[in-house]
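Student: below are the sequence and a predicted model; questions follow.
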Amino acid sequence: MDKLRFEFVVKSGDDAKTNIICITSITESSGRIFIIPEKLQPIKLHEAIIKTQVYQKVKATLQKRHDKRQVWISLTKEISRAYIDEDGNMQCMDYLLEEVTPTTQQEAPSAGISEEALTRILESFTEKKNDIPQRHNIKKLSEKFVIEKFTTRTSNVSQWMFIFESECTRLGIEEDIERIEVLRLFLEESCLDWYSSMLIKHTINSKWSTWRDSFCETYADKGWTSVRYAILFKYMQGSLLEYALKKERLLLEVNKSIDTPTLIDLIATGLPNFISDKIDRKSLKETNDLFNSIRGLEHLLNKKNSEKKMTGSENKTKAKNGKDKPCRICEKGNKGIRYHPESSCWFQNKSNDGPKRDQIKHVNNSELETELNEMDPKNL
């Protein structure tokens, strides 16, 4: 045995869209045919064959799916070791190949259809099945949406709808019925009542444009409340950066096309004056520049808050100490135990006046007695 005949066939790959060359059988010079199992058929597993000049011709010849060629290849030491074991058995990667008898080959035609025709039918059926559009798993796809749920508090319905449709396009949700289904997963509160009403009036098989137009018309904000709230929104408490990010979102929801300098000015004017005065307005080109400056001034706010807390605690301590101690003036005057500052005690003036009067009276009597003693009795 100085050569073998290999059968090369072009088949579909794993994704049914690519073609690969396979070796399906090996025939000896005596006519004995050995079938190679499907998992060992791809040509990439047959390195000894790939290195031959004959395979290069086969590769250039087979261009379309189902093309087939049977070619003889001379046995080299490498090919012989790959396909024939020491005992002369036909093998492929240490797998003993099954011999096919002529009777086995003729069984398929006796059934009225050839093996090749049956293979083509099955592959054609597989391709058509793959071409059928598959229904998306709406629940799983909704988890990939980068959008907040719509509520009655959402300020700009047109902008929200634009983001929703962009996410549908990104995730491949193009069918009207699928967009209507996924919309329900992003509605909350009374918006679900609107959805139920639309199902009754138009059904789920209606056009997406009908649902979109009705949604935007129903929840369109035609007043000035959201605009006024966004512009007048100011820092009250908490983190300065959190305030800045929230105000940016509010302003963009009201007007997506707002220019950057105006956006920066409106955010900065809502900051405390002692914070905004520390920021160089000319150095701000983007909102990120403002955010970086604000983040660097957080310590000033924390310092001021700590000073306020200390001052407040001192005042509370003083007030508490003054309130808890009873008034000594009231205690000395037997007026009972009363809690109030001694400086504002009603009995303070009276208690102070008493000793002064007694002292003056006592002094006057002493002086009078002294003068009387010094006077000559003859003059009396």
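Tutor: Sure thing, it's come through. Numbers count the residues shown, from 1 in each chain.

Student: what does the model give the nearest residue to Glu181 once chain neighbours are set aside for pLDDT?
Tutor: Counting by Cβ to Cβ, 6 or more residues apart in numbering, Glu181 lies nearest to Ile138, which is 5.2 Å off, once chain neighbours are set aside. C-beta coordinates here come from the backbone N, C-alpha and C atoms, glycine included. Model confidence at Ile138, given as pLDDT, is 82.

Student: off-centre distance for stretch 46-61?
Tutor: Distance of stretch 46-61 from the chain centroid (Cα atoms, centre = their mean, to the nearest Å) equals 52 Å.

Student: buried residues, it. List them.
Tutor: Across stretch 46-61, burial judged by 16 or more other Cβ atoms under 10 Å covers 46, 48-49, 52, 55, 58.

Student: ok, now stretch 205-216?
Tutor: Within stretch 205-216, the residues that qualify as buried are 208, 211-212, 215, counting by 16+ other Cβ under 10 Å.

Student: walk me through the domains of the protein.
Tutor: The chain breaks down by automatic domain parsing into domains covering 3-100, 138-201, 225-299, 325-357.

Student: where among those domains is the average confidence lowest?
Tutor: Among the domains of the chain, domain 325-357 carries the lowest mean pLDDT (a mean of 72).

Student: tell me which helix or strand the nearest residue to Lys57 once chain neighbours are set aside sits in.
Tutor: Closest residue in space to Lys57, ignoring its immediate chain neighbours: Val71 at 7.8 Å, by Cβ to Cβ, 6+ apart. Per DSSP states H and E: Val71 is located in strand 68-74.

Student: by contact count, what packs against that strand?
Tutor: Strand 68-74 is packed against strand 3-12, helix 53-61, with contacts defined by 3 or more Cβ pairs under 8 Å, 6 or more residues apart in numbering; DSSP states H and E.

Student: need these in JSON lines with distance to Thr260, can you?
Tutor: Shown next, in JSON lines, are the helices and strands packed on strand 68-74 (distance: least, Cβ to Cβ, whole Å):
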{"stretch": "strand 3-12", "distance to Thr260": "54"}
{"stretch": "helix 53-61", "distance to Thr260": "59"}
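
Student: got the buried residues for the helix or strand containing Trp194?
Tutor: Using DSSP H and E, Trp194 sits within helix 191-202. Of all the residues in helix 191-202, those buried under the rule 16+ other Cβ under 10 Å are 191, 194, 198.

Student: and what of stretch 338-346?
Tutor: For stretch 338-346, burial by neighbour count (16+ other Cβ under 10 Å) applies to Cys345.

Student: same check, this time on stretch 68-83
Tutor: For stretch 68-83, the neighbour count (16+ other Cβ under 10 Å) marks 71, 73, 79, 82-83 as buried.

Student: for stretch 161-168, same thing?
Tutor: In stretch 161-168, counting by 16+ other Cβ under 10 Å, buried: 161, 164, 167-168.

Student: with stretch 149-157 instead?
Tutor: Using 16+ other Cβ under 10 Å as the test for burial, stretch 149-157 gives 150, 154-157.

Student: need the pLDDT of Lys309.
Tutor: Looking at Lys309, its pLDDT reads 58.

Student: now the helices for the stretch 201-350 of the chain?
Tutor: Applying DSSP state H, counting those that start in this stretch to the stretch 201-350 of the chain gives helices spanning 208-218, 225-232, 240-254, 260-269, 273-276, 287-296, 298-324, 328-332, 348-374.

Student: surely Phe274 and Leu297 touch.
Tutor: No: counting by Cβ atoms under 8 Å, Phe274 does not reach Leu297; the two are 9.2 Å apart.

Student: helix, strand, or coil at Arg81?
Tutor: For Arg81, the secondary structure call by DSSP: H, G, I helix; E, B strand; the rest coil comes out as helix.

Student: which residues touch it?
Tutor: The contact partners of Arg81, taken as Cβ atoms under 8 Å, 6 or more residues apart in numbering, are Ala48.

Student: how far away is Glu286 from Asp259?
Tutor: Distance of Glu286 to Asp259, given as Cβ to Cβ, to the nearest Å: 12 Å.

Student: typo on my end, Lys285
Tutor: Shown here: Lys285 relative to Asp259, a distance of 12 Å by Cβ to Cβ.

Student: Thr169 now?
Tutor: Using Cβ to Cβ, Thr169 is found at 28 Å from Asp259.

Student: with Ser166 instead?
Tutor: In this view, Ser166 and Asp259 are 23 Å apart by Cβ to Cβ.

Student: still on that earlier bit, what does the helix holding Trp194 rub up against?
Tutor: 150-152, 183-184, 187, 210-211, 214-215, 218-219.

Student: which two of these have the greatest separation?
Tutor: For the contacts of helix 191-202, the farthest-apart pair by Cβ to Cβ is Thr151 and Thr210; their separation is 22.3 Å.

Student: related to what we said a few turns ago, nearest to Lys144, out of the buried residues of stretch 161-168: which one, please.
Tutor: Nearest to Lys144 among those is Glu167, at 8.2 Å by Cβ to Cβ.

Student: so the closest one sits in a strand?
Tutor: No: under the criterion used here (three-state DSSP), Glu167 is helix, not part of a strand.

Student: give me every residue that touches it.
Tutor: Contacts for Glu167 (Cβ under 8 Å, 6+ apart) come out as 145-147.
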